[in-house]
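dropping a prediction and its sequence here:
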Amino acid sequence: MPRDDAIEILPGVHWVGAFDPDLRAFDLILRTANGTSYNAYVVRGEEGVAVIDTVKENFSDEFFRRLESVCNYDEITAVVINHLEPDHSGALPELLKRAKNAEVYLSTRAPLMLKALLKPTDAMPKGFKVVSTGDTVDLGGRTLSFLTTPFLHWPDTQCTYLGELGILFSGDVFGCHFCDPRLFNDKVGDFRFSFEYYYAHIMRPFREHVVKALKLIEPLDLSMIAPAHGPILRHGPHDYVRRYRELASHRLANEAGTEKTLLVFYLSAYGNTRRMAESIRTGAEKVEGVRVSLYDLEGGDPSIFVDLIEGADGLVLGSPTINGDAVKPIWDLLSSLTAIGVTGKLGAAFGSFGWSGEAVDMIEHRLKGLKFQVPVPGVKVKLTPTGDELAQCVELGARLASNLMASPQFLAAQT
């Protein structure tokens, strides 16, 4: 198949995107062993043509060649941008210069972002419409419906549904970085790893928003999901929706029942920080309704605890101060938390030290940066903890557990 051909995915609907097989890293955080695609689509109705998303700017020539093979610019009445990230909006300014009859359809949070993305030499579109769930565009015999799906993975994201054919143009949702010009999921190579890897790094931090979006998507009659990256899902599209539901659900969600869960992680060179951790556990266990778990990070790769932390209500980290810093496994664990939703969870820190004791303050600062609530000051102990200092640790555990039980979310669950 020539690279410049548009690809018909259903009658009157074409893929006009671009392939980027040589890309090996995306947004600095994702490895892309198979490159990626920037998927854009054209939908033809009896009274107009819609373009859904564009491509990264340096692939604009490919996009316009494919677009011109299936429509004239004066036929384009609608340009839908599901997501304004530059890999989807890079060709938008030039498209608007060429498609002078088109109105731009954006989500409610997109206009300000559009202004920020356009270059000084680019004019804002003469007309753009802000749309939300339930709004539609009639192309003549074909109707585009919009679904507001914010934070998947930017505030502006939305999905677009073509009901007559059952196609969901899903933006980044259900996508992956996998480049294969055979395009359809039943024709390309095995992309399962890329699909799950993409979810873990792009969608997982916004799990709660994924769940909300699925409530809109699951009832749809789907024949095909056309994402902004990766294969078009025409075989078993509902299987991918169900997989998202599984990935967005806590594993063994009922294990703790109605209890609040508090996790205590520590490392200890000479046993001092360990004794503090055990005392914190003792204090927290005095509060009924809190399940406390204690983990020595020396005994496990920090990355294996991410799922556990995602489902927990509180996190306590203990580290000795070595060379003026917390120890590396603590930072490894904290850096892994950017891949999950932790906003509003309770956090605290503790640790022993020999000279200066910076670790506790540094951990607290990082927890706050990750949007943890840190309601109780941490405990620092010089060298071996005394009985009074261990009592402070017991008090720290009890106060944290009491804060967990007093949280509005917990109180609401009990009424």
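Arrived safely.

give me the below-cutoff pLDDT ranges for this structure.
1-4, 28, 119-126, 250-257, 407-415 (pLDDT under 70).

could you pull out the helices for it?
When secondary structure is read from DSSP state H, the chain shows helices at 60-68, 86-89, 92-98, 110-117, 192-198, 207-217, 237-247, 272-285, 306-311, 328-336, 359-369, 387-405, 408-414.

from the centroid of this protein, which residue is nearest?
Against the mean C-alpha coordinate of the chain, by C-alpha atoms, centre = their mean, the closest residue is Met203 at 2.6 Å.

what sits against that one?
Residues counted as contacts of Met203 (C-beta atoms under 8 Å, 6 or more residues apart in numbering) are 152-153, 172-173, 210, 244, 247. To be clear about C-beta, it is placed using only N, CA and C from the backbone, and glycine gets the same treatment.

which among those count as buried?
Members of the contacts of Met203 that pass the buried threshold by neighbour count (16 or more other C-beta atoms under 10 Å) are listed as 152-153, 172-173, 210, 244.

from Glu94, how far out is the nearest residue to Leu222 once chain neighbours are set aside?
Closest residue to Leu222 apart from its sequence neighbours, by C-beta to C-beta, 6 or more residues apart in numbering: Pro237 at 4.5 Å. In this view, Pro237 and Glu94 are 32 Å apart by C-beta to C-beta, to the nearest Å.

show me which of these two is the more surrounded one.
The residue with more neighbours, out of Pro237 and Glu94, is Pro237; 22 against 15, by other C-beta atoms under 10 Å.

list the contacts for that one?
168, 222-225.

could you do Leu23 as well?
Leu23 sits in contact with 32, 35-36, 177, 179, where contact means C-beta under 8 Å, 6+ apart.

return a PyMOL selection command for the buried portion of those residues.
Buried residues within the contacts of Leu23, as defined by 16+ other C-beta under 10 Å, are selected in PyMOL through the command that follows:
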select buried, resi 32+35+36+177+179
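
make TSV out of the contacts of Leu23 and add distance to Lys115.
Compiled in TSV, the contacts of Leu23 are given as follows (distance: C-beta to C-beta, whole Å):
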residue	distance to Lys115
Thr32	30
Gly35	31
Thr36	27
His177	28
Cys179	32
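
picking that back up, let me have the helices of the chain in TSV, adding distance to Val381 as columns.
Compiled in TSV, the helices of the chain are given as follows (distance: least, C-beta to C-beta, whole Å):
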stretch	distance to Val381
helix 60-68	61
helix 86-89	50
helix 92-98	58
helix 110-117	48
helix 192-198	41
helix 207-217	36
helix 237-247	41
helix 272-285	6
helix 306-311	25
helix 328-336	17
helix 359-369	10
helix 387-405	5
helix 408-414	30
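
quick one: which of the ones you listed is nearest Arg24?
Among those, helix 192-198 comes nearest to Arg24, with 13.1 Å by C-beta to C-beta.

verify the contact between Gly175 and Ala228 for me.
Yes: the pair Gly175 and Ala228 passes the contact test of C-beta atoms under 8 Å, sitting 5.4 Å apart.
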